[in-house]
Every structure is written in C-alpha cells, then in structure tokens.
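Student: Show me the folded form of this:
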Amino acid sequence: MTRDVALTAVLPTISLARIAIVVPCYRARDRVLDVLHKIPSEVERIYVVDDACPDASGKFVNQFAQDKRIAVITHLANKGVGGAVVSGYLAALNDGMDIVVKIDGDGQMDPALLSHFIRPIVEGRADYTKGNRFFELDSLQSMPKIRLLGNALLSLVNKLASGYWEVMDPTNGYTAIHAKVLRRIPLSKVANRYFFESDMLFRLGTLRAAVLDIPMDAHYNGEKSNLRIGQVLIDFPGKYLNRFFKRIFYNYLLRDFNAGTIQMLLGMLLLIFGSVWGIAHWVASASLGVAATAGTVMLAAIPILLGGQLLIAALNFDIANAPKRCLHVMLE
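Tutor: Residues are numbered from 1 along each chain as shown. Just a heads-up that it's a prediction; the model follows:
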C-alpha cells in the first residue's frame with residue numbers, strides 16, 4: 001500500500017475528520033524521519049514528542065524534517081511512553097482534532113495502515129482501535145519468542161482487568177481514538193510508563209467505550225525493547241489486580257446492578273461460607289480424632305460447588321457484557 005492510496009478507502013468520509021498523529025520519540029533518531037515521511041497527507045497535525053531523549057530526537061526532527069504539519073513537544077524530564085503520548089493527546093485536543101492516532105517512532109508500525117485504524121471510528125463502529133499482532137499466525141514468526149509469550153500472558157490478564165474479552169495484544173501501541181471519548185478520560189491519572197496501553201483499556205472500559213482490534217504485522221529491525229521482563233513481573237501484577245477490582249466495583253456495583261452482580265456476590269458468599277465451614281470442621285475433627293459426618297461434608301461441599309458455578313456464570317455474563325455500543329456516536 002502506497003502513501004498516496006493509504007486513506008483512499010475511507011474518503012470522502014475521512015475528509016470530514018481532523019486527524020492528528022502522536023509520535024513518541026525516544027532513542028528512535030535513526031528511524032523517525034522515515035516514519036514521518038510515510039505519514040499520509042490527509043493527516044492534519046503530527047506531534048513528535050521528545051521525552052527527554054538522550055539523542056535529542058526533537059532537535060533532530062526540527063532540523064531535518066521539512067513537513068510543516070510537524071510540531072515538536074520536548075520534555076525536560078523523562079515521563080515514560082505514557083507521559084509522552086498524553087502530552088501529544090493534550091496538544092491534539094487543544095488544536096481541535098477529531099481523531100488522534102499514536103504511532104511509535106521506531107519504525108515498527110506502518111503508517112500505511114492508518115486507514116484501517118481510522119475507518120471503524122469514522123463509520124461509528126468503534127471509539128478506540130488498536131493493533132493486534134496475533135491475528136495472523138504467519139506474522140508471529142518475526143516476533144521475538146520472549147515478546148510472544150509475554151504478550152500472550154498479558155492479553156489473558158488484561159481481559160480480566162479491562163473487560164474487553166475480544167481484545168488481544170494489550171501492549172500494542174498502534175492506536176486511534178475519537179476526541180470525544182479522549183476528553184472523558186482522566187489523562188492525569190493514566191499510567192505514565194509501559195502500563196499506559198493497558199491502563200487506557202481499563203479507563204475506556206469504565207466509560208464502556210467500543211474497542212476494536214485491527215490486524216497488523218510488526219516490523220522488527222533488531223532493536224531492543226526498553227521494557228524489561230523483570231520490570232513487568234514486579235510492576236504489572238499489582239496494577240492489573242488494582243484495575244480489576246476497580247472495574248468490578250464501577251461496572252457491577254456503582255454504575256449498574258445486574259444479573260452478573262447477583263451471580264458474583266452470591267457465588268462469593270457461598271464459596272466463602274463453604275470453605276470456612278469445611279476448614280473449621282476439618283480442624284475440629286482432626287483435633288478430636290473423629291471423622292466428620294457425611295452431612296458436615298455435604299454442607300461444606302454443596303455451597304462450594306454452587307458458588308463455583310455462580311462465579312462461572314458471572315464470568316460468562318461479563319464476557320457477553322463487553323462494551324459494543326459506540327460512545328462517541330451517542331455523544332453527538
């Protein structure tokens with residue numbers, strides 16, 4: 001797909017929307033100019049964010065990029081990828097953009113795919129689109145095995161934390177969002193660093209915005225990721241757990257009370273009752289050296305079984321209850 005025909009599929013609809021692209025640029029000096037050159041002419045503004053890059057990428061872009069659409073935002077202190085994207089988001093909102101796309105400056109994300117990310121938004125089928133490198137099995141051959149395993153595990157955990165059960169590849173940074181939805185996200189509270197993409201999905205889930213995966217290939221050129229496995233293992237579990245409980249509270253207790261709420265609460269109560277009853281009587285029986293009666297065992301087993309079934313039903317309800325209605329259309 002060439003640059004000239006990249007957005008042809010969504011014209012003339014695309015001409016009605018003001019599109020901006022945010023390009024975080026940290027240690028990507030060798031590739032950022034090529035990325036900027038490939039951005040289609042239909043894009044109105046390009047925000048290059050120099051997140052206190054040691055290579056002075058922002059100064060480099062100002063010196064050698066000739067595109068008048070480019071505005072360089074420079075951070076005096078490193079804020080992480082999330083902080084860099086938020087700076088670009090705020091600039092786009094301030095300039096009145098309608099759709100804001102995020103593409104990394106390291107060349108792994110093809111700007112020619114832009115139309116695929118924008119089309120569902122302008123057609124009112126999604127509020128937020130994101131890349132999915134897991135859609136085509138053949139494309140996974142180019143992904144480093146450690147990234148493949150890590151992203152697969154994170155995808156499963158993210159489904160629980162965000163409620164988007166049809167979404168894979170949560171750390172994929174190729175995204176697009178409608179400005180009306182972006183304005184409703186508390187950007188000052190979104191995680192600044194590598195948890196940013198996952199946290200965005202959680203925030204979108206609390207708004208019940210429609211999210212759609214876009215199949216894509218990733219391009220790896222031998223560069224090393226700044227994300228460390230040890231860092232993920234230390235930082236991510238607690239953050240995912242925090243977002244999970246917040247989502248359950250927001251969507252099933254505070255903002256709504258539905259069949260899933262009843263199944264979840266009743267299932268937890270039965271499971272806790274059966275477990276506590278069973279453990280207490282097992283300890284008592286062991287201390288006295290007397291076997292528990294069949295009735296005692298059943299009184300512990302039945303609530304545990306029923307509670308487990310109700311929690312499975314609550315999980316099924318949650319999967320079916322994933323947001324599908326387009327929020328920005330309802331806000332018009």
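
Student: and the next element down the chain from the helix of greatest length in the chain?
Tutor: In the chain, taking DSSP state H as the definition, the longest helix is helix 259-288. Per DSSP states H and E, the first helix or strand lying C-terminal to helix 259-288 is helix 294-320.

Student: How about the longest helix of the chain, which residues are buried there?
Tutor: Of the residues in helix 259-288, Gly260, Thr261, Gln263, Met264, Leu266, Gly267, Leu270, Leu271, Gly274, Trp277, Gly278, His281 count as buried by neighbour count, 16 or more other C-beta atoms under 10 Å. For the C-beta atoms, the positions are set from N, CA and C on the backbone; glycine is no exception.

Student: can you give me the angle that helix makes with helix 294-320?
Tutor: Calculated by axes from the mean of the first three to the mean of the last three C-alpha atoms, to 10 degrees, helix 259-288 forms an angle of 150 degrees with helix 294-320.

Student: I'd say Glu197 and Tyr174 touch.
Tutor: No: using C-beta atoms under 8 Å, Glu197 is not in contact with Tyr174, being 9.8 Å away.

Student: Comparing the two, which shows the higher neighbour count?
Tutor: Taking other C-beta atoms under 10 Å, Glu197 and Tyr174 do not tie; Tyr174 has more neighbours (26 against 23).

Student: Is that one in contact with Leu114, as I believe?
Tutor: No: assessed by C-beta under 8 Å, Tyr174 is found out of contact with Leu114, at 9.4 Å.

Student: Can you show me the helices along the stretch 1-150 of the chain?
Tutor: 29-37, 57-64, 80-94, 114-122, 145-162 (DSSP state H, counting those that start in this stretch).

Student: hmm, back to that, any idea which of the buried residues of helix 259-288 is least confident?
Tutor: Of all the buried residues of helix 259-288, His281 carries the smallest pLDDT score, 85.

Student: returning to that earlier point: give me the common contacts of Glu197 and Tyr174.
Tutor: Residues touching both Glu197 and Tyr174 by C-beta atoms under 8 Å, 6 or more residues apart in numbering: Lys130.

Student: so where's the stretch 101-250 of the chain uncertain?
Tutor: Applying pLDDT under 70 to the stretch 101-250 of the chain picks out residues 138-144, 147, 218-233.
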